[in-house]
Each structure stands twice: as structure tokens, then as C-alpha cells.
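S.K.: No sequence on hand, only this structure:
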Ligand SMILES: Nc1ncnc2c1ncn2[C@@H]1O[C@H](COP(=O)(O)OP(=O)(O)OP(=O)(O)O)[C@@H](O)[C@H]1O
């Protein structure tokens, strides 16, 4: 049991809605479709009546055979059967057509809402949730939800049908009708019991499927690395238990579901046996006509089929409900980044001040403790430090991708929490280490932050970065297709596109995570020139990986375990022989043009 349930826990943002809230929420999606639903309901009534009419007409036929009048009425009965069948078909067709439209429209809206919610989530959400699981919620869960609506309409139609058949049976024989109804509470009791089992097993099946999706997504994302290191077997070995788990859990769900029908049919079978016995005796004794008996036997199958499907319906209904619960949980997930106000930020100067800030991805393990730092407007600051020191964390707080737990972060002296977030982020230019390019041309990517930028502006931005020579190296200049994720461009070219994009955005604050990937000396020089242009006149926080950057910034901040351990400019810090020198010796020394292996160490701590 332990293994089978591994990894099937709820996500952090999952929640359980009570049935009333859930149904109310679902109803809100159906409300705009009220007209079509009324039409569907009318069609359901009419088609159920036509269906119930068939055995009734047939029972008259049996009576006519018994009393020898069939020769006179056969054409009437045959016509009646044909008419009931034809009308039933038409009503059913109109019903199916409209109900498919209603379901399709509802799922369309739900998926739009889910996708919209996904876009609104904080960055922490994406760090914590594998993208495959998100995909699963937006696709297969919304599909499962669609089944709720189809099933609900089926259920209504079946309940009506049961109603009509029950009335017919009572009209013919109260005793036999009561006998038939006797079994209803047993069936319903079993169905309710089954409902509990079904909900739990269904939830597990859905989670296991989303694990499979997540694993596939990750594999596809890292396929180059996996192939590079010839890890196909390992990737397969990781996939196999997850897929196996999905198989096991789904199989269990199947077992639970398949248990219900035999039990229900057994109860139904016993009731039919009793009716055959009692009804047959009544016909022989003259208390019941052969037609009535026939109607009962037909009625029972008409009656039992809906009843058993109503019972089984619960399981699928539960499946749809728990799917909708998962989608709503995604839509309702509370943002961690909470703004207390939405003041327009205005044109930012770019002064950034951390005051006593404490932050941890997991609040129990803070990465920054009582952290203070002031960056003046227009200043260029380089963050350096060993891996895991907290450099990226600082930039994530400035971009407001994460919520800090204590202290204040002031932008131009104003609390960052009081600013209108989209307005603020518009003035922050964030460049990740491996700039992401969207499919399209180089020009499309440069104008990404401002789609209305015209060709001249795009060309001017591209030319301003590194003198623009790099554009000529592209096969079709700015019209070159970058391929998926920019794969058709070299790493250096992608960085240059990202810098040109920043110029189009024209932010007040730049947060730049320098690429560690080495590029050829020419591109390196172009990037350096590009950086000089892009960072000029803006507050810049650079997570520095290049010697030329740290040599030129206004101030270097050395971080260690979330603390500032040293700060100053390159020359001063080198002369001091402190922590900076350790970092320099490890990461930057070898980038010097005069570097020879084993040389260029800066003495540390007076050593
Ligand atoms: N999304 C995350 N969830 C949980 N912990 C994280 C997350 N991102 C970073 N950390 C942890 O926070 C600490 C600081 O990480 P951070 O990424 O800020 O370091 P860094 O100095 O930027 O390192 P690097 O140069 O390797 O990128 C590390 O201990 C890291 O493991």
C-alpha cells in the first residue's frame, strides 16, 4: 500500500470544498447556458415519455393477442410503436446536440479560467509545482468535469423515466408495483456506500495520472541533458514505477467500480424472479392480464436500468466533482505575494532599500535573516558569493516574485507592498542566466515587452547593443526565426537579444543574472558593450559571473549564507585581502587576459 500511494498527496494549494459550495460553484458555470438547458430538459421529458410509451403499446398488443383482437388493431399498435420510436429519436437528437454544446461551452470557460489562474500564480508556485501537474489540471481534469454535466443530464432523464414507468406500474397493479419499489432503498443504500469508496479511489487515480504527466514533461524538458549523458535507461527506470503506480491505482479504481454492477444486478435479478413467480401466478389465477404481466416484466428492465445507472452514476459524478475540486483549487490558490495597496508607482528612480528583511523559501529555514542593504538610484551593484549564498534570492525579492516574511523592502522610499504590481514590474527588467526566447523572429522577441514598438525602434535597440554587428551574422537579420526556446541562436546571440529587449522595455531597475556559459571573445566584447549601454542610467543589480563586470560596477557586494560579508569596489576589495579575494580566486581570477594556470591568486587574510 505504501508504495502505491507514494507521491499522491495533495498539492499545497489543494483544498476540500463542501458539496454545497462545490455545486454552487459548478452551477455558476452553467447559469449562462440556462436557455439551452431548459430546451435540453424539455427534450429529456419528451424522449423519456416516448421511451416509456413503447412497452405500454407492446403490452396492449399482448392483451390483444390474448383476447384475439390483434387482427383488428395490429396496424394501430405497429403505427403507435413507430411513432413513439421516431419521436423518441428526434427528441433525443435535439437533446444530445444541445447538451454537447452546453458541456463544451462550460469546459471552454473553465479551461480559460484555469489557464488565466495559472498565469496569475506567483513564481513560487512554478518552483513548487511540476508543470506536468499543472497541465493535467488544465486538460484532463477539466475534461473529467465535463462528464459531470453529461452525467447530470443523463441522470435527470433517467429519473424522469423511472418516474413515468413507476406511474404506469401503479396504474396496472399496486401490489406488483410495491414489490418492485421495495428494492429501491436497498439499491440506493448500496450506491451511497459505494460513493465513499469511489471518491477516494478516483482522487488517487487522478493524482497518479498527473504524476505521469509531470514526469513526462520533465523528461522532455531535459531530454538533451539526458541524451548527452546517455541516461536514457535511468530516465526510463524513473518513469516505470510512476507509470506502474498509475496502472495499479487505476486498476484499483476499476475494481472498485466494477464491484458495484454485479451487486446491483444481483438484487435486480432476485426482484425479477419474484415478479415472474408472483405475476405468472396472478395471470394463471385470472387476477392479472397477460399484457399487464408483460408490461411489468418490461417495466422492470426499464426501471432497473436507470436505477442501477443512477447508483453507478455516483461514482463517475464523484470523479467529475473531485476533478472540478482540483480545478477550482487551482483557480482559487491564494497568492503568496500579497499587495496591501495598488498605488501607481509613477516613474521610478530606482532606489532600493532592504530593511531588516527575513526570508526563507520555507519560512522555518530563512535564507536571509534581518538583511539590510541600500542601493542608490542609478547605482550598478554586483552580487558575488559562493553558490547558494542568496544572490538570486535577493533578485527574486526585488522583482517581487516571492513574499518575504519580515522587514520592509522600500522602492524610492515606498513600501514595495503598496505598489501596483503590474505597474511596478513593468519598470523592472529581469534577465535570467539563460534568456528565454519565444518562437518567432528575433525582431518579435526584441519587441516582446512592447508589441507596439515599430521596426525602426527594434532596429535601433538591436544596433545599440554591441554595435549591431551580431545582426549581420544572423542568416536573415532581425527576421531570423529563433526556433523553439531560441534553439536556432547561439547562447551569446540569445543574450544579445535579451539585452536589446531590455532596451525596448526601458526599465528603471535592471536585475541581471549573468550567463555563466562562455562565449567567443567577439561576442563577449559585444555583450560587454551591450551591457554598458543597457545599464547606463538605471539601477542595476547584477549577479556577476564575469570579471569585466565586477571590474566596472560601482559596488561589489559579497554575500555568504544570506549575509553581506564585504562590500566596496573591485580594487579596494582586492587590496583588502578579505572574503572577496576568496570569491575572486575561485570564480574570476582565471578570466583575466594575463591568466596562466596556477597563477594570479590574491592573498587572503594577510596570507
Ligand atoms: N525555489 C527554492 N526553493 C527552496 N529553496 C531554494 C529555492 N531557491 C533557492 N533556494 C535555497 O536558497 C538558498 C540561496 O539560494 P540562491 O539561489 O539565492 O543562491 P545563489 O547565491 O543565487 O546561488 P547560485 O549562484 O548557485 O545561483 C540556497 O540554500 C538554495 O538551496
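M.R.: Right, received. Where do you want to start? Source: prediction; values computed, not measured. Numbers count the residues shown, from 1 in each chain.
S.K.: avg pLDDT for stretch 358-375?
M.R.: For stretch 358-375, mean pLDDT rounds to 92.
S.K.: go on, stretch 498-515?
M.R.: Stretch 498-515 comes out at a mean pLDDT of 88.
S.K.: What are the buried residues along stretch 549-568?
M.R.: Using 16 or more other CB atoms under 10 Å as the test for burial, stretch 549-568 gives 549-553, 555-560, 562, 564-568. Where you see a C-beta, it was placed from the backbone N, CA and C, and this is true even at glycine.
S.K.: Let me see the domain layout of this protein.
M.R.: What automatic domain parsing lists as the domains of the chain is 2-332, 343-427+546-607.
S.K.: Quick check: residues of the stretch 51-200 of the chain near the ligand?
M.R.: Applying CB under 6 Å from any ligand atom, we find that the stretch 51-200 of the chain lies next to the ligand at residue 127.
S.K.: And the helices in the stretch 51-200 of the chain?
M.R.: Along the stretch 51-200 of the chain, counting by DSSP state H, counting those that start in this stretch, helices occupy 70-120, 123-128, 131-136, 142-172, 174-182, 184-221.
S.K.: can you pull out the strands in the stretch 351-500 of the chain?
M.R.: Secondary structure of the stretch 351-500 of the chain (DSSP state E, counting those that start in this stretch): strands at 352-359, 368-375, 380-384, 406-411, 414-415, 428-431.
S.K.: Just want the angle from the second one to strand 406-411.
M.R.: When axes from the mean of the first three to the mean of the last three CA atoms, to 10 degrees is applied, the directions of strand 368-375 and strand 406-411 differ by 20 degrees.
S.K.: Return the residues of the stretch 351-500 of the chain in contact with the ligand.
M.R.: So far as CB under 6 Å from any ligand atom goes, the stretch 351-500 of the chain lies against the ligand at 361, 367, 385, 387-393.
S.K.: Can you tell me which of those are buried?
M.R.: Buried members of these, counted by 16+ other CB under 10 Å: 367, 385, 389-393.
S.K.: what residues are up against residue 298?
M.R.: 55, 58-59 (CB atoms under 8 Å, 6 or more residues apart in numbering).
S.K.: do residue 444 as well
M.R.: Residues counted as contacts of residue 444 (CB under 8 Å, 6+ apart) are residue 438.
S.K.: now do 10 Å
M.R.: 437-438, 451, 458, 478-479, 481-482 (CB atoms under 10 Å, 6 or more residues apart in numbering).
S.K.: Equivalent analysis for residue 289, please.
M.R.: Residues near residue 289 by CB under 10 Å, 6+ apart: 59, 62-63, 66-67, 172-173, 282-283, 295.
S.K.: If we use 6 Å, what do you get?
M.R.: Residue 289 is in contact with residue 63, counting by CB atoms under 6 Å, 6 or more residues apart in numbering.
S.K.: Next one: it from the ligand, what distance?
M.R.: Separation of residue 289 from the ligand (CB to the nearest ligand atom, to the nearest Å): 78 Å.
S.K.: Adding neighbour count and pLDDT as columns, could you present the contacts of residue 444 in CSV?
M.R.: Listed next are these as CSV, based on neighbours: other CB atoms under 10 Å; pLDDT from 0 to 100:
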residue, neighbour count, pLDDT
437, 24, 84
438, 11, 84
451, 8, 87
458, 23, 89
478, 19, 84
479, 11, 86
481, 16, 85
482, 22, 82
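S.K.: Now for these: which two are most distant?
M.R.: Across these, no pair lies farther apart than 451 and 481, at 17.9 Å, counting by CB to CB.
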